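Student: Sharing a sequence plus its predicted fold:
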Amino acid sequence: MSTMRGAAAYGRGAGAYARVGVESAVMSASPHQLIVMLFDGALSAIRAARIHMQAGNTVEKGKAISKALDIVNNGLLAALDIEKGGEIADRLGSLYDYVGRLLLAANLHSDQESLDQAEKLLDDIASAWREIGGAGAQG
């Protein structure tokens, strides 16, 4: 019995340690790096959803897609500044909205094609975002 408690305590401790690592990374990140983290999180959730979809694990697929949707809607979309970003921010907003609809369709119909399309769109934007950051760091 004490071995089980020890393992549970270790698991909680490891989880807390991981959260501190993530929180530290977020606290020290630039606004640009925070957006990269959002893209990474959404893409990771989509990859997890694909694995669960292929395994027929509907519950975990739904959780992973919900996480990706949350990041897109409450992270990437919410971070857009339409006033300062103008047409680019407006177009990105429309694209994020479309990605959200793809993710909903992927979840509702277990549609891997919609999941793949959402991943490709986010990956393309993330790649461009990373390049902008690399160019800014060199300048």
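Tutor: That came through, no problem. Numbers count the residues shown, from 1 in each chain.
Student: Which of the helices or strands spans residue 65?
Tutor: helix 58-71 (DSSP states H and E).
Student: hmm, I was thinking of residue 108
Tutor: Assigned by DSSP H and E, residue 108 falls in helix 82-109.
Student: Who are the packing partners of that helix?
Tutor: Helix 82-109 is packed against helix 31-55, helix 58-71, helix 112-138, with contacts defined by 3 or more CB pairs under 8 Å, 6 or more residues apart in numbering; DSSP states H and E. C-beta coordinates here come from the backbone N, C-alpha and C atoms, glycine included.
Student: how about it: buried residues?
Tutor: For helix 82-109, the neighbour count (16 or more other CB atoms under 10 Å) marks 92, 95-96, 99-100, 102-107 as buried.
Student: And these, which is closest to residue 75?
Tutor: Nearest to residue 75 out of the buried residues of helix 82-109 is residue 96 (CB to CB; 9.5 Å).
Student: Much appreciated, bye for now.
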